[in-house]
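Chemist: Quick one, structure for this:
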Amino acid sequence: MSKSALLDRTAWDLILDASGNIAVATAPYSRAQDVANACRLFSGELWYDTNKGIPYDSEILGQWPPLSLVRERLAQAAMTVDGVVSAQVVITSLNGRNLTGQVQFTDKDGASDTVSF
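Modeler: Model prediction:
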């Protein structure tokens, strides 16, 4: 069973359970949260594996990259999550510098879920 630390949805920070311990998320929510984390990770930011992450600084931020590149980078990031077997990115809006959409993914058990950005 997939587990990870449960993050507050607004602050994206650790939260505590009723006993004062770090709260834990379990599947299927934990996998969706892990996909969201992978899509937020900047290349080089993960100190124990600097090869992971999206090259936001060099390819995306401060530029007008092709939407196909953004889709591909987000899908690749989602695929790095253990148990994810397919990922598709749907961009729903580009308003100035604000990009919104979804990462739709399927896991090894055939369950599908969506993470919005």
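
Chemist: Please count neighbours and contacts with C-alpha atoms only from this point.
Modeler: Noted.

Chemist: Please, where are all the helices along the protein?
Modeler: 29-40, 67-79 (DSSP state H).

Chemist: so of the ones you listed, which one's packed in deepest?
Modeler: Comparing the helices of the chain on average neighbours per residue, with mean count of other CA atoms under 10 Å, the densest one is helix 29-40 at a mean of 21.

Chemist: so what's the closest residue to V89 other than its chain neighbours bridging to?
Modeler: Once flanking residues are discounted, V89 sits nearest to V103: 4.5 Å by CA to CA, 6 or more residues apart in numbering. Per DSSP bridges, the residues bridged to V103 are V89, V115.

Chemist: show me the residues around V103 that make contact.
Modeler: Applying CA atoms under 8 Å, 6 or more residues apart in numbering to V103 gives the contacts L74, A75, A78, A87, Q88, V89, V90, T114, V115, S116, F117.

Chemist: how much space between it and G110?
Modeler: When distance is defined by CA to CA, to the nearest Å, V103 is 16 Å away from G110.

Chemist: And for D17?
Modeler: Applying CA to CA to D17 and G110 gives a distance of 30 Å.

Chemist: Just put the helices of the chain in CSV and tack on distance to N21.
Modeler: Output for these, formatted as CSV (distance: least, CA to CA, whole Å):
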stretch, distance to N21
helix 29-40, 17
helix 67-79, 28
